[in-house]
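Participant: Requesting a structural model of the entry that follows:
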Amino acid sequence: VDEALAWYRKAEKVAPDRYEPKYFIGLAYFLKEEYPTAEASFRTALAMAPQHVWSAYFLAHTLYHQGKREEATEWLREAIRLYPGQPWDWAVQLGDWLAEAGDKEGALAAYRQALEWRPGDEGIQAKIRALIGSER
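Facilitator: Next up, the predicted model:
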């Protein structure tokens, strides 16, 4: 990771107006579990390229690892919105985070979206059943 980071720093110097080196620097720090530094890099990348789905996704996880759960949830929602396909697994993750925060309605909505994108998935159905059962 450190060697890759050195290359990305060089790329950043060569192309300071590009978001890609900032994203990859953030990813390297994320992998090193240096979350505050990763957060700063992802935020810089997003300031330069607000539609970059992967910066939004990894910013969400970076924030989550730092205990900034509410903001993490919002960035994961944004990543899901930006993703060109149907990221059912991201919707499940969102549901898990919302359930953990005590937002059962939000969690159910996220799980149901995931199930719409991945019909018949037993794992998602089990999460929905568990949440509905805990409401009684």
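Participant: residues in contact with the closest residue to R112 other than its chain neighbours?
Facilitator: Once flanking residues are discounted, R112 sits nearest to I128: 6.9 Å by C-beta to C-beta, 6 or more residues apart in numbering. Yep, even glycine has a C-beta here, placed from its N, CA and C like the rest. Contacts for I128 (C-beta atoms under 8 Å, 6 or more residues apart in numbering) come out as L108, Y111, R112, L115.
Participant: So which of these sit within helices?
Facilitator: Residues of these located in helices (DSSP state H): L108, Y111, R112, L115.
Participant: Give me the buried subset of those.
Facilitator: By neighbour count, with 16 or more other C-beta atoms under 10 Å, the ones in helices among the contacts of I128 hold L108, Y111, L115 as buried.
Participant: and which of those residues is nearest to K13?
Facilitator: Y111 (44.6 Å; C-beta to C-beta).
Participant: Now that closest one. Nearest residue, chain neighbours left out?
Facilitator: G95 (4.2 Å).
Participant: ok, now which ones touch the residue nearest the centre of the chain?
Facilitator: Closest residue to the average C-alpha location of the chain: Y57 at 2.9 Å, with C-alpha atoms, centre = their mean. Counting by C-beta under 8 Å, 6+ apart, Y57 touches W75, L76, A79, Y83, W90.
Participant: Kindly report the same for K22.
Facilitator: E12, S41, F42, T44, A45, M48.
Participant: Out of those residues, who's the most crowded?
Facilitator: F42 (30 neighbours; other C-beta atoms under 10 Å).
Participant: residues contacting that residue?
Facilitator: K22, Y23, G26, F30, S55, A56, F58, L59, T62.
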